[in-house]
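Chemist: Got a predicted model here, sequence first, then my questions.
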Amino acid sequence: MVAWSDMDHATTTPSAPEKAAPSALSIRGLTKQYADGPLALDNLDLEIPAGSFFGLLGPNGAGKTTLIGAVCNLVRLTAGEISVFGRPGGTMAARRMIGIAEQEPNLDKFLTVYETLIYHGGYYGMDGTEASERAEQMIDAFDLRAKRDVEAPKLSGGMRRRLLLARALLHRPRLVILDEPTAGVDLELRHELWQYIRALHEQGTTILLTTHYLEEAEALCDEIALISGGRIVARDTAEGLKKTHGVGTLEEVYLRTVAGGRIAINQLEEVE
């Protein structure tokens, strides 16, 4: 396996800081009302500093997927504004700064690992030579060499996760969105992916992580926000959240802050 530090990842290495540098992600008044009724996002504000490792936690239906879709220009907003490193959301300039590894693999079943990466590079404006060189780098970085010419459906679940991450990082995005990146993988691969993700962040890339594994968020993220009912209901470091709510674990914070949380934690206390 090629060490992450051996890769050419120069564009994620931050240059000298500038005064009043824009946030990696700035969201103002984000609202999404679906035609069939649900209010998925409710006037949500969120600011993620450049270079941060930011966790977004919340139950199913809290608005995480809709928020990510809005940032990636996959969801049409009812109201609100998004900017990515100061560029208006939805523009090609903003989209090229974002890499996303989705929770559900959406890999073309007719393409091999190598072809998947080449096609992705072309979508982001890479010429054939650049896309090919970068694809080979990512294949080595994610230990996919033995599967280079294997079609996506023939990969194991863990290998598909590796490919999703390799594809997300191929065009050297400055903001990487990881939506449940370790869901369904074994413990060994989970910790291996943690190493990749940590190394990526250390090189200057801003990361937005969604996960249902609270220990994952606590181990990786330098700041965490909890979302419920389409709004941010708490935000701080893991230690700050625990201190604010007077509890000893992030799980207890989660139960106290998400919708219905007080009932859930009262039930836990009764059992104890």
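Modeler: Received the coordinates, thanks. Numbers count the residues shown, from 1 in each chain.
Chemist: Would you map the helices across the stretch 51-200 of the chain?
Modeler: Taking DSSP state H, counting those that start in this stretch as the test, the helices found in the stretch 51-200 of the chain are 64-71, 92-95, 113-123, 128-141, 157-169, 187-202.
Chemist: ok, and the closest non-adjacent residue to A152?
Modeler: L107 (3.8 Å; C-beta to C-beta, 6 or more residues apart in numbering). Every C-beta, even on glycine, is put in place using the N, C-alpha and C of the backbone.
Chemist: cool, P105 as well?
Modeler: Closest to P105 by C-beta to C-beta, 6+ apart is R160, at 4.9 Å.
Chemist: Run through the residues that contact that neighbour.
Modeler: P105, L107, A152 (C-beta atoms under 8 Å, 6 or more residues apart in numbering).
Chemist: which residues touch the last one?
Modeler: The contact partners of A152, taken as C-beta under 8 Å, 6+ apart, are P105, L107, D108, K109, L111, T112, V113, T116, R160, L163.
Chemist: how about 7 Å then?
Modeler: Residues near A152 by C-beta atoms under 7 Å, 6 or more residues apart in numbering: L107, D108, K109, L111, T116, R160, L163.
Chemist: Pull out the buried members of these.
Modeler: L107, L111, T116, R160, L163 (16 or more other C-beta atoms under 10 Å).
Chemist: Closest to R198 out of the residues you listed?
Modeler: Checking the buried ones among the contacts of A152 against R198 with C-beta to C-beta, the nearest one is L163 at 19.7 Å.
Chemist: Give me the nearest residue to that closest one, chain neighbours excluded.
Modeler: V113 (5.7 Å).
Chemist: my read: the one you found touches R145, true?
Modeler: No. Between V113 and R145 there is no contact under C-beta atoms under 7 Å: 9.3 Å.
Chemist: which neighbours do the two share?
Modeler: In contact with both V113 and R145: I139, using C-beta under 7 Å, 6+ apart.
Chemist: neighbour count winner among the two?
Modeler: Set V113 next to R145 and count neighbours by other C-beta atoms under 10 Å: V113 wins out with 29 against 12.
Chemist: Give the full set of residues in contact with the more buried one.
Modeler: Here V113 is in contact with I139, L144, K147, R148, V150, L163 (C-beta under 7 Å, 6+ apart).
Chemist: of those residues, closest to I27?
Modeler: Each of those was scored against I27 by C-beta to C-beta, and L163 proved nearest at 29.1 Å.
Chemist: My read is that that closest one contacts Y114, right?
Modeler: No. Counting by C-beta under 7 Å, L163 does not reach Y114; the two are 10.2 Å apart.
Chemist: Name all residues that make contact with P181.
Modeler: Counted by C-beta under 7 Å, 6+ apart, P181 has contacts A101, R161, L165, L193.
Chemist: try it again with 10 Å
Modeler: 101-103, 161, 164-165, 168, 190, 193-194, 196-197, 207, 209-211, 216 (C-beta atoms under 10 Å, 6 or more residues apart in numbering).
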